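Visitor: sequence plus the predicted model coming up.
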2 protein chains.
Amino acid sequence: MPAKPSLPSPALYGRPISISAVAEQAGVSIATVSRVINASKPVSADTRGRVEAAVAALGYRSNPFARGLTRGESRLLLVLVPDFANPFYSETIKGVESVVRRHGYSIVLGGAPDARGPEQPSLDAVYNRLVDGVISLANFQDLQPLIKDLPNLPWVACSEFIEDSGLPHASIDHGQAALDAVQYLINRGHRRIALLGADETYLWARQRHTGYEAALKRANLTLDPQLVRVARGTDYSFGMEAAGALLALEAPPSAVFAVSDTLAIGAIKAFRRAGRRVPEDIAVVGFDNIPLSQVFEPALTTIAQPMFELGAAAARMLLERLAGGQPESRTLQHALVVRESA
Amino acid sequence: MPAKPSLPSPALYGRPISISAVAEQAGVSIATVSRVINASKPVSADTRGRVEAAVAALGYRSNPFARGLTRGESRLLLVLVPDFANPFYSETIKGVESVVRRHGYSIVLGGAPDARGPEQPSLDAVYNRLVDGVISLANFQDLQPLIKDLPNLPWVACSEFIEDSGLPHASIDHGQAALDAVQYLINRGHRRIALLGADETYLWARQRHTGYEAALKRANLTLDPQLVRVARGTDYSFGMEAAGALLALEAPPSAVFAVSDTLAIGAIKAFRRAGRRVPEDIAVVGFDNIPLSQVFEPALTTIAQPMFELGAAAARMLLERLAGGQPESRTLQHALVVRESA
DNA sequence: CTGAAAGCGCTAACAC
DNA sequence: GTGTTAGCGCTTTCAG
């Protein structure tokens, strides 16, 4: 027994050693080896000892393909992410990882398929049954081809989802959150409030847009279409771009509700570059509460989403689904975090 | 033939359809089906047509486990990442993805194993041969158990590597880059320059540290140990923490070289919170040139790493290795980007 | 050009 | 408690 426990070293030269080699070495049948490896059936202490010794000596590791073939599962989960440079997604993924790993699953990250072409390796992994299930953060418009199969696939949505589809999802109430954000701006006396929106093929983008309008309506403010800008992505640069357009207006807004912190940060950058002070000249509230939002200057007033917990919840739901259960969709709490930008 | 081409829909009820179902439907043997699927041997146009029709009609997709079992490969590559919330890593991963995908591979993202425990699912995936190869951005100290097997594993390092190990890697010249950064500060008249370092189990952290010292030495500046702070991580918060310590010094520095943009941003935040102006009272140069660095206020003066290209290069090297080649390590170019913070 | 058949490594009945 | 054996779905000789 080695002094410090370490990964047994498998045969790296020649072919990898198989279960039969272990069986031979231990003087038992392959079935017995399988039993001790999987603890699937009782095995006498004596034989178990011999098998374990053989496994250790040979550095045996079971072949995942053979195992997958017979068991019909891989213990691999696919996480579909629109853009993993966006901190919202990376935090969420961390949440997924944390629960999934405890249950012996690993995650495969897939870029969400877009219109770029017919090659959709991630979806292949689904249909091929290489992965046991999917957690999707992607927009379902891009996932069109498989929508009809959704009820039959072990699939869970996170943040994004399809209304009334029965597809289980973990999310916050985007509409209410947006309403809260805009209401806050109204309470602070703002009357010309712009919406810096995102690609509305995303449900969350549509819902936040709706929440924005609802807040205005509730305050009897007229909705000025000029004040609604939809950015083409959530990178900082898109925020700057949209903010520039807002500034060019004859009557620019006194406040902006951005549907993503990255967009908000880009907008603030553009405003300051144009000589505007935030929040004095123009107030900005963001959405997500990414780690950067409290470090950025001015620190962002934003809607906090429980990103990590959202991922964890989705993961738990998928695990439940895989175990044959019928997980309930969950709506987690958001919160307005007031800092400096508004 | 459907109007719009879409993913063939596999049998989702009951068992998935197998190659023999296709063979039966097409009136051929499974061997022939295999041949047309893989284009491995010539098949008459007529039979090929029938097989293809059957595949389409049934929505057949080959079972990746069975295929992996016989072929001994999965077309899955593992990318080991220390922290995928760090933009440096996410950009790099994008680079990996872009080349790998074109070659029919998918990537599995693995959290790099740390000392947290013996459970190392990512490494298991390697030893189990579930993945065909690995691109590691992780620190090799944490990878200790497998170092001895390295020469035999299809493994490529990115940014991080082991000197003189023969392990192929794609990286920049961290030492020279750090030297460039500090030299710039010296040229601007700074004499008390602090190092905001990172966990030195990372080679890049050690090399950047070395570069810092080399620059000071070259300018005949004395090395004040008090001015060297090693942060416990690269999150913004660690940068703030370390910067606070620097400020508490009797003779604080007039400039700081941070080995990561996230650290630099955290430091700037701490400085401003303490009433210091950047760069007037204290100059800061970062490292990486993450997207945020040009949006942050003040915009970061930093060393640009070709993140995307680093990932892409590593991916190409791994692919070459898998094809039986002996890829050369590559050192990519860095560049000092002067903006506002120094 | 095509079919029959032998495995790949493993799990899960089914015997004993 | 343990061994034998029949597949899992696929690729690949080997015949023809």
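Guide: Sure thing, it's come through. Numbers count the residues shown, from 1 in each chain, chains lettered A, B, ... in the order given.
Visitor: could you use CA atoms for every contact and neighbour count after this?
Guide: Will do.
Visitor: need the pLDDT of the residue lying farthest from the centre of chain A.
Guide: Within chain A, the residue lying farthest from the chain centre (CA atoms, centre = their mean) is A:Gly27, at 48.2 Å. Among the per-residue scores, A:Gly27 shows a pLDDT of 95.
Visitor: please report how far it lies from chain B.
Guide: Look at A:Gly27 and chain B: by CA to the nearest CA, to the nearest Å, they are 24 Å apart.
Visitor: over to that residue: give its phi and psi.
Guide: The phi/psi pair for A:Gly27 (degrees, to the nearest 10) reads phi 70, psi 40.
Visitor: what's the spacing between it and B:Arg208?
Guide: As judged by CA to CA, to the nearest Å, A:Gly27 and B:Arg208 stand 55 Å apart.
Visitor: pull up the residues of chain A that are close to DNA strand C.
Guide: Chain A has residues A:15-20, A:30-31, A:34, A:37-38, A:40, A:61-64, A:66-67, A:69-71 near DNA strand C, with proximity defined as CA under 7 Å from any atom of the strand.
Visitor: now with 10 Å?
Guide: A:15-23, A:29-41, A:60-72 (CA under 10 Å from any atom of the strand).
Visitor: also near DNA strand D: which of those residues, exactly?
Guide: Restricting those to contacts with DNA strand D (CA under 10 Å from any atom of the strand) yields A:20, A:23, A:29-36, A:40-41, A:65-72.
Visitor: among those, name the ones in helices.
Guide: A:20, A:23, A:30-36, A:65-71 (DSSP state H).
Visitor: residue contacts, the closest residue to DNA strand C within the stretch 51-200 of chain A?
Guide: At 3.3 Å from DNA strand C, A:Ser62 is the closest residue in the stretch 51-200 of chain A, using CA to the nearest atom of the strand. Residues counted as contacts of A:Ser62 (CA atoms under 8 Å, 6 or more residues apart in numbering or on different chains) are A:18-19, B:128.
Visitor: what residues are up against A:Ala157?
Guide: By CA under 8 Å, 6+ apart, the neighbours of A:Ala157 are A:135-137, A:167-170, A:314.
Visitor: average pLDDT across the strand or helix carrying A:Val284?
Guide: Per DSSP states H and E, A:Val284 falls inside strand A:283-288. On average, the pLDDT along strand A:283-288 is 98.
Visitor: using PDB, list the CA coordinates for the next helix or strand after it.
Guide: Sequence order places strand A:301-304 as the next helix or strand after strand A:283-288, per DSSP H and E. Only the C-alpha atoms of strand A:301-304 are listed here, as PDB (Å, rounded to 0.1, in the frame of the first residue of the first chain):
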ATOM      1  CA  THR A 301     -28.000  49.200  -9.100                       C
ATOM      2  CA  THR A 302     -29.400  46.000 -10.400                       C
ATOM      3  CA  ILE A 303     -31.800  43.100 -10.000                       C
ATOM      4  CA  ALA A 304     -30.100  40.200  -8.300                       C
END
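Visitor: beyond strand A:301-304, next helix or strand please.
Guide: Counting by DSSP H and E, what follows strand A:301-304 is helix A:307-322.
Visitor: ok, and what's touching that next one?
Guide: For helix A:307-322, the surrounding residues in contact (CA under 8 Å, 6+ apart) are A:88-89, A:91-100, A:132-135, A:154-159, A:168-171, A:288, A:326-328, A:330, A:332.
Visitor: lowest-pLDDT helix or strand in chain A?
Guide: helix A:121-127 (a mean of 67; mean pLDDT, DSSP states H and E).
Visitor: A:Gly104 reaches A:Glu97, doesn't it?
Guide: No. Counting by CA atoms under 8 Å, A:Gly104 does not reach A:Glu97; the two are 10.5 Å apart.
Visitor: neighbour count winner among those two?
Guide: More crowded of A:Gly104 and A:Glu97, by other CA atoms under 10 Å in any protein chain shown: A:Glu97, with 22 against 11.
Visitor: in which helix or strand would I find the nearest residue to the more buried one once chain neighbours are set aside?
Guide: In space, and not counting its chain neighbours, A:Glu97 is closest to A:Ile107: 7.0 Å by CA to CA, 6 or more residues apart in numbering or on different chains. Using DSSP H and E, the element containing A:Ile107 is strand A:106-111.
Visitor: that strand versus strand B:106-111: what angle between them?
Guide: Strand A:106-111 and strand B:106-111 are oriented at 120 degrees to each other (axes from the mean of the first three to the mean of the last three CA atoms, to 10 degrees).
Visitor: the helix or strand that the least confident helix or strand of chain A is followed by: how far from the chain's middle?
Guide: Using DSSP H and E, the next helix or strand after helix A:121-127 towards the C-terminus is strand A:133-136. Centroid separation between strand A:133-136 and its chain, computed with CA atoms, centre = their mean, to the nearest Å, is 9 Å.
Visitor: got it, and stretch A:228-237?
Guide: 20 Å.
Visitor: what's it in contact with?
Guide: Counting by CA under 8 Å, 6+ apart, A:86, A:194-199, A:238-239, A:241-242, A:246, A:260, A:262-267, B:291-292, B:295 sit against stretch A:228-237.
Visitor: could you rerun that using 7 Å?
Guide: The contact list for stretch A:228-237, computed with CA atoms under 7 Å, 6 or more residues apart in numbering or on different chains, reads A:194-199, A:238-239, A:242, A:260, A:262-263, A:265-266.
Visitor: can I get the buried part of those residues as one PyMOL selection?
Guide: Filtering the contacts of stretch A:228-237 down to the buried ones (16 or more other CA atoms under 10 Å in any protein chain shown) takes a single PyMOL command:
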select buried, chain A and resi 194+195+196+197+198+238+239+242+260+262+263+265+266
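Visitor: from the contacts of stretch A:228-237, which are also near chain B?
Guide: A:Gly266 (CA under 7 Å from any CA of the partner chain).
Visitor: can you tell me the closest non-neighbouring residue to A:Val51?
Guide: A:Val51 sits nearest to A:Ala26 (CA to CA, 6+ apart), 5.3 Å away.
Visitor: what does the stretch 51-200 of chain A have sitting close to DNA strand D?
Guide: A:51, A:65-72, A:128.
Visitor: give me the buried entries from those residues.
Guide: Buried members of these, scored by 16+ other CA under 10 Å, are A:51, A:65-66, A:68-69, A:128.
Visitor: show me which of the residues of chain A next to DNA strand C are buried.
Guide: Buried among the residues of chain A next to DNA strand C (16+ other CA under 10 Å): A:16-19, A:21-23, A:30, A:32-34, A:36-37, A:60-66, A:68-69.
Visitor: which parts of chain A are helices?
Guide: A:19-26, A:30-38, A:45-58, A:64-71, A:87-102, A:121-127, A:174-187, A:203-218, A:236-247, A:261-273, A:307-322.
Visitor: most tightly packed of those?
Guide: helix A:261-273 (a mean of 26; mean count of other CA atoms under 10 Å in any protein chain shown).
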